[in-house]
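Trainee: Give me a model of this one.
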Amino acid sequence: MSLSRYALRTAGFGALYLAATVAGLATAESGSGVRVLWPAAVAGALWLVAQGRYGRRNLDVIALSVLAVLAPGNGGGLLHSFVQAVPQVVPALLFAWLFDRWLPGYWLGHGDRFRRLGPTLARLAAAAGVAALSGAVLHKVINTELGFGEAGYVFVRDATAVVLAVLVVRGVRKLVRSRTAPADPPARRGLTVVK
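Mentor: Below you'll find the model as predicted:
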């Protein structure tokens, strides 16, 4: 992939991340600041997974970190913005790393005919769960007012959203690929003489 196309894709994922942050800020929040939905966690994870095959994940992590610091809703000064960006970036990076290790090629549909559904979903859920757990722990460390019940909600919310998003994206890609694939030629019976 050319550098210009990679930069355009990164800008697109950055815009998606900012839009997801604004959408998350529009949902209701608890007294300690936990939002009902936080699509930015999904956008960050999908960003790092989708861009991972191009070998420039370090640049994507830097871009995601900068956007997480500059994202709306991080009022309270520059240091506060840096601290609030940590639980956004670390889970996304951890998910992308585990996803690549535990399910190589799964994002692009490579090897699907050899994968069994149960173990594949278990690995996907485990990667999302570990990443969401890291995010919940980081939120609890940063926000001392956050209760354990709310931290558990953050864990379930983010893990479920990431798993569902990956399954939806793969389903849409598979549907598009099946509709654009050329039809198989009709089977021919008998012997074919080749001169």
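Trainee: Hmm, residue 44 is touching residue 90, no?
Mentor: No - applying CB atoms under 8 Å, one finds residue 44 not in contact with residue 90, separated by 9.8 Å. Every residue, glycine included, has its C-beta placed from N, CA and C.
Trainee: Neighbour count for these two, which is higher?
Mentor: Taking neighbours as other CB atoms under 10 Å, residue 44 and residue 90 compare with residue 44 leading, 32 against 18.
Trainee: check which helix or strand covers the more buried one.
Mentor: helix 39-51 (DSSP states H and E).
Trainee: Give me the contacts around the helix or strand that that helix is followed by.
Mentor: Later in the chain than helix 39-51, the nearest helix or strand by DSSP H and E is helix 57-70. The contact list for helix 57-70 (CB atoms under 8 Å, 6 or more residues apart in numbering) reads 10, 13-14, 17-18, 44, 47-48, 51-52, 78, 81-82, 84-85, 88-89, 92-93, 96.
Trainee: and with 6 Å instead?
Mentor: 10, 14, 17, 44, 48, 51, 81-82, 85, 88-89, 93 (CB atoms under 6 Å, 6 or more residues apart in numbering).
Trainee: buried sites along whatever helix or strand residue 18 lives in?
Mentor: Element membership of residue 18, judged by DSSP H and E, is helix 3-25. For helix 3-25, burial by neighbour count (16 or more other CB atoms under 10 Å) applies to 6, 9-10, 13-14, 16-18, 20-21, 24.
Trainee: Adding distance to residue 178 and pLDDT, write the residues you listed out as CSV.
Mentor: Listed next are the buried residues of helix 3-25 as CSV, based on distance: CB to CB, whole Å; pLDDT from 0 to 100:
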residue, distance to residue 178, pLDDT
6, 28, 89
9, 24, 93
10, 29, 93
13, 25, 95
14, 30, 95
16, 25, 96
17, 29, 96
18, 32, 95
20, 28, 95
21, 34, 94
24, 33, 94
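Trainee: mind putting these in a markdown table, distance to residue 103 included?
Mentor: Supplementary listing: these in a markdown table, determined by distance: CB to CB, whole Å:
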| residue | distance to residue 103 |
| --- | --- |
| 6 | 23 |
| 9 | 21 |
| 10 | 23 |
| 13 | 20 |
| 14 | 25 |
| 16 | 22 |
| 17 | 23 |
| 18 | 28 |
| 20 | 23 |
| 21 | 27 |
| 24 | 26 |
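Trainee: Please identify which pair of the residues you listed lies farthest apart.
Mentor: Largest separation among the buried residues of helix 3-25 by CB to CB: 6 and 24, giving 26.6 Å.
Trainee: average pLDDT for the longest helix seen in the chain?
Mentor: Ordering each helix of the chain by length in residues (DSSP state H) puts helix 148-180 first. In this model, helix 148-180 carries a mean pLDDT of 93.
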